[in-house]
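J.: The sequence and its predicted three-dimensional model are supplied below.
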Amino acid sequence: MSVDRFWFWVEGTGFGLAVVLALILLIRIVRGRPLPRALGLTHGAVATLSTIILITLVTGLPHPDLILDDATLFLVLAFLGGLTVLALGIARVRPPGVLIFLHVLFASFALILVVIGALRL
């Protein structure tokens, strides 16, 4: 396995962990339980680190597949949505459902693109 492919899989694994943490958050919301701030911050930290790794890989390594550029774009959009959700949470304002839906949609789409791109390397 080449070095760049290895790091794409590391990024994908980190992003997968962020998805698992997001599902735990979602289950707690649906059940009406309070959300531990540490869980949300851990989700954000793992997702942010994965996004930084992907941006570094896409800008620093040659890759023939434009799908990875698209994945980076969607991850950045998901990151901005998550940052907005965090800011609203700090301000104690409930984020609109459409914002959370778009955050999840962009992040899910980015994960699919990362996996496809890593398989094509």
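T.: Arrived safely.

J.: And the strands in the protein?
T.: With DSSP state E as the definition, the chain shows no strands.

J.: remind me which residues of it are low pLDDT?
T.: 1-4, 61-65, 121 (pLDDT under 70).

J.: all helices of the protein, in order?
T.: Here the chain has its helices, by DSSP state H, at 3-30, 37-60, 67-90, 97-120.

J.: Make CSV from the ones you listed and add mean neighbour count to it.
T.: (Each C-beta comes from the backbone N, C-alpha and C, glycine too.) Formatted as CSV, the helices of the chain follow (neighbours: other C-beta atoms under 10 Å):
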stretch, mean neighbour count
helix 3-30, 16
helix 37-60, 17
helix 67-90, 18
helix 97-120, 17
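
J.: Could I get the contacting residues of the closest residue to residue 76 other than its chain neighbours?
T.: Nearest non-adjacent residue to residue 76, counting by C-beta to C-beta, 6 or more residues apart in numbering: residue 51, 6.7 Å away. With contact taken as C-beta atoms under 8 Å, 6 or more residues apart in numbering, residue 51 is in contact with 72, 75, 76, 78, 79.

J.: Please apply the same query to residue 111.
T.: 12, 15, 16, 19, 71.

J.: between the residues you listed, which is nearest residue 43?
T.: When the contacts of residue 111 are compared for distance to residue 43 (C-beta to C-beta), residue 19 wins out at 8.9 Å.

J.: so that closest one touches residue 103, yeah?
T.: No. Applying C-beta atoms under 8 Å as the test, residue 19 and residue 103 come out as separate, 11.9 Å apart.

J.: Look up the closest residue to residue 104, ignoring the ones flanking it.
T.: residue 22 (7.3 Å).

J.: The one you found and residue 88, how far apart?
T.: Noted for residue 22: a distance of 16 Å to residue 88, by C-beta to C-beta, to the nearest Å.

J.: do the same with residue 32
T.: Counting by C-beta to C-beta, the gap from residue 32 to residue 88 is 19 Å.

J.: again, but for residue 17
T.: Distance of residue 17 to residue 88, computed by C-beta to C-beta: 24 Å.

J.: what do you get for residue 9?
T.: Taking C-beta to C-beta, one finds residue 9 at 33 Å from residue 88.
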